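sequence below, structure please.
(2 chains)
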Protein chains: 2
Amino acid sequence: MNGAESIIASALASGVEVCFANPGTTELPLVAALDSVREGGRTMRAILGLFEGVCTGAADGYARMADRPALTLVHLGPGFANGIANLHNARRARSPVVNVIGDQATWHREFDAPLTSDIESLARPVSGWIRSIRESKQAAGATAEAIAAAGRMPGQVATLIVPSDCQWNSADGPAPPAARSTLPPIAPDAVDHAAAILRRGAPVALMLGGLALREGGLAAAGRIAASTGCRLICETFFARLEHGAGLPAIERLPYFPDQALKMLSTYRAVVLAGVGDPVAFFGYPNVPSKLIPDGIETATLAGPMQDAAAALEALAHALGAGVSAGGARTAVSRPARPTGALTPPAIAAAIVALMPERAIVMDESATTGGSFFAAAATAPRFTYLSLTGGAIGQGLPAATGAAVACPDRRVIAFQADGSAMYTAQALWTQAREQLDVTTILCNNRSYRILQVELARAGIAEPGRSARSLTDLANPEINWTSIARGLGVPAVRVESADALVKELERALAARGPNLIEMML
Amino acid sequence: MNGAESIIASALASGVEVCFANPGTTELPLVAALDSVREGGRTMRAILGLFEGVCTGAADGYARMADRPALTLVHLGPGFANGIANLHNARRARSPVVNVIGDQATWHREFDAPLTSDIESLARPVSGWIRSIRESKQAAGATAEAIAAAGRMPGQVATLIVPSDCQWNSADGPAPPAARSTLPPIAPDAVDHAAAILRRGAPVALMLGGLALREGGLAAAGRIAASTGCRLICETFFARLEHGAGLPAIERLPYFPDQALKMLSTYRAVVLAGVGDPVAFFGYPNVPSKLIPDGIETATLAGPMQDAAAALEALAHALGAGVSAGGARTAVSRPARPTGALTPPAIAAAIVALMPERAIVMDESATTGGSFFAAAATAPRFTYLSLTGGAIGQGLPAATGAAVACPDRRVIAFQADGSAMYTAQALWTQAREQLDVTTILCNNRSYRILQVELARAGIAEPGRSARSLTDLANPEINWTSIARGLGVPAVRVESADALVKELERALAARGPNLIEMML
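Below is the predicted model of the structure:
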């Protein structure tokens, strides 16, 4: 067994079964090992992405749904760099991801060949754990440690750098799984303090994030709300939210800080569960960074690195909010199929009217999708993924990875056009793997969010450059043509009626498809 | 004048006139400044790329042709990260490039908002100069220094990080251009030593790189070759080579180390001008890293950071190789228009048969283009750009930037399909700016270089994963459809005859176009 084989065997032994790959010459022993290694009767599933950002975004989407890491296999520093943006999103989502990067042979690095670069400097900003090995015999143990480091809850990005000679030189057999750290316990006084705030009476907001947004956390939060009258608010950019009918009513913290400040100013106190003190996405002149206004009492029941679901259970118990108190759950209620103009509310209505049970919605719809969250509150129960780190180009890759993790569920990629252009190559992987992903692409021919921000900054009439740099209409992009070129069936719609017709057809078809909505 | 305006005004004052941009919210004051600032009667030309790798690759191509930097304007850490791969290529090309990155407001950074990241750690591996300013009054001076740092010869990548409050707060007027460092002088004893080696008689190789591959350096090298009988060899991956008729005969160092070692083993001595000791692109088992075999005398006339052209002039003078000794220049000789199968030699012949005078060829053709270098030796004089850093996805963006720098010259992007998929968004910028770029795309439906490397590593029959990870045929990518979707007219050809017909038409048309060659 060589070093590369010991890596793949160790990954399989630790329960990792999928590798999103875009390899190069310095990863070829690992590529060969994907074929030669069988461990515990299993082999690693290798899925090709035609750009590293597809691989890292897919690993993020996979991890959010599977709650365990996939490998990414990418090439050296510059190749890895292409995957950084989506690793940034994975880091903010606290997704477990394990990057395996081939590097120049240990004895070749000093010659500074053209592809040589400082991989560690590139990897550090997105990696919670990073290691470069120097001998092939370190490969197996380092792999098990990387997977354990990534796979604690909540997860993190782990990056393992493997020089090519450490792949082809001989090594020992696979390493057993390494011990994973567990979540720190909930402090009893944090529960008592939150309970005291909630007992003092409304208006209190219980703000939820991270692991609190899974079914268990939401159920406990719903009982607390029913018992105390507090309101539930979720963080703006959640990694994964269970949403729709059967879950307690929840609001979403607005994106723009003035709106968030206004929402939170109506409360006497805010209790945080699975989320840190909320802050503005960007700094603006004369706008505070912190979104909870001064003077409003704030208490942390559980931070983002704690078991917020368990903390909510403990809080519900302390408040005497029993199982039967969760009666305020929403029931399925689908809107009428929209007709007429293809407006953002009509698009949201079409999705909610037609989405199947247990869908996964990856929402990178940006400005077009603002009304979907509220509209979907009565949709059939689904899993909702959002853009966590603000690095656009997450949607199509993460939808791809989610579909790999959940082959029995329909994935809907609700996708802005400007963002889609960053990682459109993901469509090809969806076609190759015949994944059940329906992409609903919002072609509004602009970076609309920047136009909105210019207007908010008081630039009512942008000049020629400002118009040019926020406009995608010249030339007009034909997404139907691009998708077909990448092997994904696609149609263009210009009305709500056409969207309904095509969406119903698309959601019933196997394999990927794309609907281009002309807004 | 605010900080953003002082940056744009200072850039104009230092002679920078083009900005390849993909801005976000933290760059909006700079976007507004592009419109509001006029300096010395000039405004900054802003060109939108739909992905940061387009912007950085375009800035590289622009710099190679214009010999001065363009700005890139990109968003925060993750956005910048999308441009790293092509900055890596620019760094290896020693191209002058100035990145301007907006960052979170100074007082907002501590709150670790979702898009916050360690930009300096990301930028350092590709930047020869880097600075983060902390006050708006530093913006003008830092801009002038960044441009001076980038624009020394040979150039480098300079990265200026500007928090958003340093853009919107008030600043002083533009800074004057800063002093640029000059190239270190050539050591007289290096000239004497090289002359002594060459006087001792053949076989000697004069290996050229960097600035030695411009017209002046090549002319001096040609006189030296005519006078001494030495052979001229250029580095494998040159940033910019003047090539074709009227220039001295030159060979290219092969990519694979065994072939390079074999070529160089036939010489008694190697003299280096504008290039370091050549090394293998990757390390392989039992293959040396250094490509000049042991025992062959090596002398450095000028390193890559010296004025190799001046050194060659001095060497020619020392050898008494006068102007008239350059008689061995090649004459224009175009091959017959190829017919029949669409083979790599037929493609090279078609390009050489039809390319116009003073074309710029950006060659990222990978395995398909191997025969073009030799075939083009008798082509009409042209400028030849290659993939310098091995980070694929350079070709289409660099062709875009070269066309911006040289609007009166035809750019030919000779492009591999796997590499094109990394930065295909560049086609849209070509369409928007109506640049005269003809892309000749080699659709061989594979990462052929990896298949070749697997065979060279002794893996004669790759397994299922190895085949899957090197194969782009399932599904087949339709580049004609993708190009049209991005606004570029495109056709598909399957024979040499069809290529000749379509290439002749494409090269005569204004604006961009693409020919997809099915190999």
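
could you use CA atoms for every contact and neighbour count after this?
OK.

most remote residue from chain A's center?
residue A:111 (39.0 Å; CA atoms, centre = their mean).

for the closest residue to it other than its chain neighbours, give its distance to residue B:95.
The shortest distance from residue A:111 to any non-neighbouring residue, by CA to CA, 6 or more residues apart in numbering or on different chains, is to residue B:279 (6.7 Å). Distance of residue B:279 to residue B:95, given as CA to CA, to the nearest Å: 21 Å.

which of these two has more neighbours?
Neighbour count, other CA atoms under 10 Å in any protein chain shown: between residue B:279 and residue B:95, residue B:95 has more, with 29 against 21.

got phi/psi on the residue farthest from the centre of chain A?
For residue A:111, the backbone dihedrals are phi -80, psi 0 (criterion: degrees, to the nearest 10).

chain neighbours aside, what residue packs nearest to the residue of the stretch 251-400 of chain A found nearest chain B?
Minimum separation of the stretch 251-400 of chain A from chain B (CA to the nearest CA) falls at residue A:389, amounting to 4.9 Å. If the residues on either side of it in the chain are set aside, residue A:389 comes closest to residue A:89, at 4.2 Å by CA to CA, 6+ apart.

then the host helix or strand of that neighbour to CSV, C-alphas only?
Per DSSP states H and E: residue A:89 is located in helix A:84-93. Coordinates of the C-alpha atoms in helix A:84-93 are reproduced here as CSV (Å, rounded to 0.1, in the frame of the first residue of the first chain):
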residue,chain,number,x,y,z
ILE,A,84,-11.6,29.0,-1.7
ALA,A,85,-14.7,31.0,-2.2
ASN,A,86,-17.0,28.0,-1.6
LEU,A,87,-14.8,26.9,1.3
HIS,A,88,-15.4,30.3,2.8
ASN,A,89,-19.1,29.6,2.6
ALA,A,90,-18.5,26.1,4.1
ARG,A,91,-16.5,27.6,6.9
ARG,A,92,-19.3,30.0,7.7
ALA,A,93,-21.8,27.2,7.5
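
circling back to that earlier point, got a list of what the residue farthest from the centre of chain A touches?
B:279, B:289-290 (CA atoms under 8 Å, 6 or more residues apart in numbering or on different chains).

how close does it sit to residue B:488?
For residue A:111, the distance to residue B:488 - CA to CA - is 41 Å.

now residue A:199
To residue B:488, residue A:199 is 65 Å away according to CA to CA.

higher neighbour count, those two?
Higher neighbour count among residue A:199 and residue B:488: residue B:488, with 26 against 15, using other CA under 10 Å.

the more buried one contacts residue B:429, correct?
No - the pair formed by residue B:488 and residue B:429 falls short of the contact definition of CA atoms under 8 Å, at 9.5 Å.

the helices in the stretch 101-250 of chain A, which residues?
In the stretch 101-250 of chain A, the helices defined using DSSP state H, counting those that start in this stretch lie at A:119-123, A:139-151, A:164-168, A:188-199, A:215-228.

now the ones you listed as a markdown table including mean pLDDT and distance to chain B?
What follows is the helices of the stretch 101-250 of chain A, written out as a markdown table (pLDDT from 0 to 100; distance: least, CA to the nearest CA, whole Å):
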| stretch | mean pLDDT | distance to chain B |
| --- | --- | --- |
| helix A:119-123 | 98 | 5 |
| helix A:139-151 | 97 | 18 |
| helix A:164-168 | 98 | 8 |
| helix A:188-199 | 97 | 23 |
| helix A:215-228 | 96 | 23 |
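
quick check, central residue of chain A?
Geometric centre of chain A, nearest residue: residue A:239, 4.8 Å, by CA atoms, centre = their mean.

distance of that one from chain B?
12 Å (CA to the nearest CA, to the nearest Å).

and if you look at residue A:118?
Distance, residue A:118 to chain B, using CA to the nearest CA: 6 Å.

same question for residue A:477.
Residue A:477 is 5 Å from chain B, by CA to the nearest CA.

so that residue is in which element?
Here residue A:477 is assigned to no helix or strand, by DSSP H and E.

neighbours around it, how many?
Other residues near residue A:477 number 21, with proximity taken as other CA under 10 Å.

any idea whether residue A:442 is helix, strand or coil?
Of the three states, residue A:442 takes strand under DSSP: H, G, I helix; E, B strand; the rest coil.

ah, wrong one, I meant residue A:430
Strictly by three-state DSSP, residue A:430 counts as helix.

what parts of the stretch 351-500 of chain A come near chain B?
Residues of the stretch 351-500 of chain A found near chain B (CA under 8 Å from any CA of the partner chain) are A:388-391, A:418, A:421-422, A:425, A:428, A:431-432, A:450, A:453-454, A:462-466, A:468-469, A:474-487.

and for the stretch 201-350 of chain A?
A:279-285, A:289-290.

hmm, 7 Å instead?
A:279-283, A:289 (CA under 7 Å from any CA of the partner chain).

try the stretch 51-200 of chain A
Within the stretch 51-200 of chain A, the positions near chain B by CA under 7 Å from any CA are A:51, A:78-79, A:81-82, A:84-85, A:88, A:92, A:104-105, A:108, A:111, A:113-115, A:117-118, A:121-122, A:125.

the stretch 251-400 of chain A: strands as residue ranges?
Applying DSSP state E, counting those that start in this stretch to the stretch 251-400 of chain A gives strands spanning A:251-252, A:269-273, A:297-302, A:360-364, A:382-386.

give me the three-state assignment for residue A:438.
strand.

re the thing from before, show me what the helix holding residue A:89 is in contact with.
A:53, A:56-57, A:60, A:126, A:156-157, A:239, A:387-391, A:394, B:78-79, B:81-82, B:114 (CA atoms under 7 Å, 6 or more residues apart in numbering or on different chains).

run the last query once more with 6 Å
A:53, A:56-57, A:60, A:126, A:156, A:239, A:388-389, A:391, A:394, B:78 (CA atoms under 6 Å, 6 or more residues apart in numbering or on different chains).

and that helix, average pLDDT?
Averaging pLDDT along helix A:84-93 gives 98.

likewise stretch A:254-271?
Averaging pLDDT residue by residue across stretch A:254-271 gives 97.
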